[in-house]
Structure formats: structure tokens, C-alpha cells
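In: build me a structure from this.
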Amino acid sequence: MNHRLIGRAAAITAAGVLLVGCGSAEGSSSSSSSDKPELKITGAYMPVPVSSDMAAGFFTVTNSGGADTLTSVTSSLAEHVTMHSTEDGAMREQKSFAVPADGALRLERGGNHLMFDMLAHKPKEGEKVSLRLHFATSGTITVDMPVKPATYAPKTGH
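Out: Numbering: from 1, shown residues only. Got it, this is the predicted structure:
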């Protein structure tokens, strides 16, 4: 009979530890605010396209919260907007880009970038192109991307 009481006491103690552990994890205030992405889009621009068929786009996503993923980009300017990386001079289409927690995703010349294909029209310098950036957690963010001279080189290193 003592063995039964000891077994029950151990089971009750273990259940109590599990409940306390679950309660503190769910009730923790530090996890709820830092786990949510806090995205800011800066430095967006499109160089004036050389052809009337394709264009490129660049920007930075700064994240002061939890991780997110850029899953797609849409724009009324182009039938297709694709995401690309450049490695060893070779451009490769990507299905998504990670936006690290407390970090940044940079789309820049010679690196990650957007490609606009089958343009509705060839944008001119000074025009603004509207983009919809679709994120896995943060949803959709709309950005107005100014069209800059083909030789534009931002001071931020894009």
C-alpha cells in the first residue's frame, strides 16, 4: 500500500510540474512581443529599365522582432515578379527569402533582387511603382518604389 501512495504522490507531483511549466511558458510576456515580426521597408528603388520587357527592384526589410519569410511579390507593373539570388555571377530564382529575427533582408545589385517580367509599360524616371510584398507571418505590405536613373547608387549600399 505504501508503494501505491508513493506512486500516486509522484504522479501528482509530475503533473503539477507539467502544469506549472506550461502555465509559465504561455504566460510569459517576453515571448509574445519578440516572436512577432516588426518589419520596416526602406531604400526601395527600381533603376530605369533598359528594355521594355524586364526591370529589377531593390529594397531592405529591417526586422526588429521575430523571424518572417517573404513568400512572393506582386505589382500591377508586371505580369510576373520573381525573387532571385545571385551567387558566383549566376542568377537563380528563389521561392522565398528569409527575414531573420532582429536582422535584415537586403535586396541589392549583385545579390538578392526582384525581377519584373512582361511589363505593362516601361517605367520612366520619377514614376513610382506600387508593390505588394507578401510575408508568411506579417501578411501584405504595400510599398511605393521610385524609379531612379539606371546608374543610381544609393548611399546605403544597395
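In: if I look at K124, how far off is S75?
Out: In this view, K124 and S75 are 16 Å apart by CB to CB, to the nearest Å. (Each C-beta comes from the backbone N, C-alpha and C, glycine too.)
In: beta partners for the residue nearest in space to the middle of the chain?
Out: Nearest residue to the geometric centre of the chain (CA atoms, centre = their mean): L70, 3.6 Å. Beta-bridge pairing of L70 under DSSP bridges involves F97, F135.
In: so for it, what's the pLDDT?
Out: If you check L70, the pLDDT there is 98.
In: before we move on, what about G57?
Out: Per the predicted model, pLDDT is 98 at G57.
In: and what of R8?
Out: At R8, pLDDT is 43.
In: what about the closest residue to S64 other than its chain neighbours, how many neighbours?
Out: Nearest residue to S64, sequence neighbours excluded (CB to CB, 6 or more residues apart in numbering): E38, at 4.4 Å. By other CB atoms under 10 Å, 15 other residues sit near E38.
In: over to S138?
Out: 20.
In: what's the answer for the one 4 residues further on, then?
Out: The number of residues packed around T142, counting by other CB under 10 Å, is 11.
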